[in-house]
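Peer 1: sequence first, then the predicted structure:
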Amino acid sequence: MLPKKMEEALNGQLNAELYSAYLYMSMAAYFESINLAGFANWMKIQVQEEMFHAQKFFNYINERSGRVIMRAIEKPETDWETTSDVFEHTYKHEQKVTSLINDLVELSRSEKDNATYNFLQWFVSEQVEEEASVDAVLQKLKLIGDFGPGIFMIDQELGNRVFTPPAAVTGV
Ligand SMILES: [Fe+2]
Ligand SMILES: [Fe+2]
């Protein structure tokens, strides 16, 4: 059985993952509106990743005989000035999520909930990847600034991103 405090916090994280998906879908819509289909594709893959994260929390809470409670999802921003603003925002958001995961790890320690501590380790590693993949795009965008042909090239590149569900989490 999940400690009550832990159950509450995991439900909070489920909501945060759904918010992330919602935010990235809003960014995908922004990119579609300025005809950057590759950037939009990158964000749509990001949405799938976040939905996958949400599913993992959903399943884990149930597996531990906790109760999943769906909450309202906050309205995300809808407009940005430039492509790098979007990725700057994404990078900051992922850093915030990393700190949320770290808080959950701390709570699992103080609650002596080893099962949840183990479960969260996957997310600790996942956040390293999340921050790195966003930063890789952000650094390129900073290099090219608003140079049109550069944006065009990156759009082609981001159009190739595909969603690959991590192998280590089959059965989720
Ligand atoms: Fe996530
Ligand atoms: Fe993420």
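Peer 2: Yep, it's here. Numbering: from 1, shown residues only. Ligands and ions are numbered 1, 2, ... in the order given.

Peer 1: show me the strands in this structure, by range?
Peer 2: Counting by DSSP state E, the chain has no strands at all.

Peer 1: what's the neighbour count on whichever residue of the chain sits closest to ligand 1?
Peer 2: Residue of the chain nearest ligand 1, by CB to the ion: H53 (3.7 Å). Bear in mind the C-beta positions are built from the backbone N, C-alpha and C, glycine included. Residues near H53, counting by other CB atoms under 10 Å, number 24.

Peer 1: now Q121
Peer 2: By other CB under 10 Å, neighbour count at Q121 equals 12.

Peer 1: quick one: residues contacting it.
Peer 2: Q121 sits next to no residue when contact means CB atoms under 8 Å, 6 or more residues apart in numbering.

Peer 1: please apply the same query to G38.
Peer 2: 154-160.

Peer 1: in TSV: the residues you listed, plus distance to ligand 1, pLDDT and neighbour count.
Peer 2: Below are the contacts of G38 laid out as TSV (distance: CB to the ion, whole Å; pLDDT from 0 to 100; neighbours: other CB atoms under 10 Å):
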residue	distance to ligand 1	pLDDT	neighbour count
I154	23	97	20
D155	24	98	19
Q156	26	98	10
E157	23	97	14
L158	19	98	21
G159	22	97	14
N160	22	96	9
